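*Asks:* have a look; sequence and predicted model below, questions after that.
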Amino acid sequence: MGLFDFITRASTPPPPSLPNLSSSFGTKSWKVDLSFGSDPDMLRGKVPLVNLTTGWQARLVLYTSDIVGLMRKGLYVSQKNVIVEESCLTMRPHQQEHNTYYYDRRFTLTGPSWKGSLVVTTLSCPIVTNFRVEHLSADKVYQCYASDYFKSRCWAYNFMIEKPEVNANYILDDTPLEGLWPWPRKECTTQGMEKEREKGGTEEGDMLDLI
């Protein structure tokens, strides 16, 4: 495979877990886990891909007690959320390529009702150096889920770019989401409604012709 990596490989190390969530957020806590690829076009193939030589992949993990608010108000992350003194860069040797390293840039984040971490991985030091949190966007998400932190297999949200049939929001159903939430987007919902209206108009016209 060389330097061209499938994003489904576990090349990105898991972000550190946040301890004492119950004391920070009360009795109910949710984990939101998003995976990104730098090139949206490469994510839309039959198998989502990322080229770590020319691009990056990232994993953003957030912990919150207000999953409903995070959905209704939108999931927004920027440099303002970064705890700068906790940022760092680590390196790992590539499993197959000699004298080649994974560069992992690590961020610790905090927001109004959440805490989290971000790990950005690439094979290029200049790419990871020039990465900014604002480079994350909803069209670069290839997988996302939200689950109860204290319960096993208790899902609130699921998204897989290559399997749209499994996409679901078990809290707000079809409500359009904003920010980094990849689905459902307002523009997609609007397009779907327009298609339904067009379909309905056609069926009504057919009925009139029959009359």
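*Replies:* In hand now; what should we look at? Computed from a predicted structure; not experimentally measured. Residues are numbered from 1 along each chain as shown.

*Asks:* can you give me the strands in the protein?
*Replies:* Along the chain, the segments classed as strands by DSSP state E run 4-6, 30-37, 49-51, 57-64, 88-93, 101-110, 114-122, 141-148, 155-160, 168-169.

*Asks:* kindly state the beta-bridge partners for the one residue sitting closest to the centre of the chain.
*Replies:* Nearest to the mean C-alpha position of the chain, by C-alpha atoms, centre = their mean, lies residue 34 at 2.9 Å. The partner list for residue 34 in beta bridges (DSSP bridges) reads residue 60, residue 144.

*Asks:* just the pLDDT at it, thanks.
*Replies:* Predicted confidence (pLDDT) for residue 34: 99.

*Asks:* that one: what's it in contact with?
*Replies:* By C-beta atoms under 8 Å, 6 or more residues apart in numbering, the contact set of residue 34 is 59-61, 141, 143-144, 180, 182. C-beta: built from backbone N, CA, C; applies to glycine.

*Asks:* then residue 69?
*Replies:* Contacts of residue 69 (C-beta under 8 Å, 6+ apart): residue 113.

*Asks:* hang on, the earlier thing: where's the residue nearest to the centre of the chain relative to residue 115, distance?
*Replies:* Residue 34 sits 15 Å away from residue 115, taking C-beta to C-beta, to the nearest Å as the criterion.

*Asks:* just residue 127 next, same as before
*Replies:* Separation of residue 127 from residue 115 (C-beta to C-beta): 27 Å.

*Asks:* and for residue 93?
*Replies:* Applying C-beta to C-beta, the value for residue 93 to residue 115 is 31 Å.

*Asks:* these two: who's more crowded?
*Replies:* The neighbour comparison of residue 93 against residue 115 (other C-beta atoms under 10 Å) goes to residue 115, with 19 against 11.

*Asks:* so the more buried one makes contact with residue 60?
*Replies:* No: look at residue 115 against residue 60 with C-beta atoms under 8 Å: they stay out of range, at 11.9 Å.

*Asks:* let's see stretch 33-42 as CSV, backbone CA atoms only.
*Replies:* These are the backbone C-alpha positions of stretch 33-42, laid out as CSV (Å, rounded to 0.1, in the frame of the first residue of the first chain):
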residue,chain,number,x,y,z
ASP,A,33,-16.5,10.9,18.2
LEU,A,34,-15.8,12.4,14.7
SER,A,35,-13.3,11.2,12.1
PHE,A,36,-12.1,13.5,9.3
GLY,A,37,-10.2,13.3,6.1
SER,A,38,-8.6,16.3,4.5
ASP,A,39,-9.9,15.7,0.9
PRO,A,40,-13.7,15.4,0.7
ASP,A,41,-13.6,14.1,-2.8
MET,A,42,-11.5,11.1,-1.7
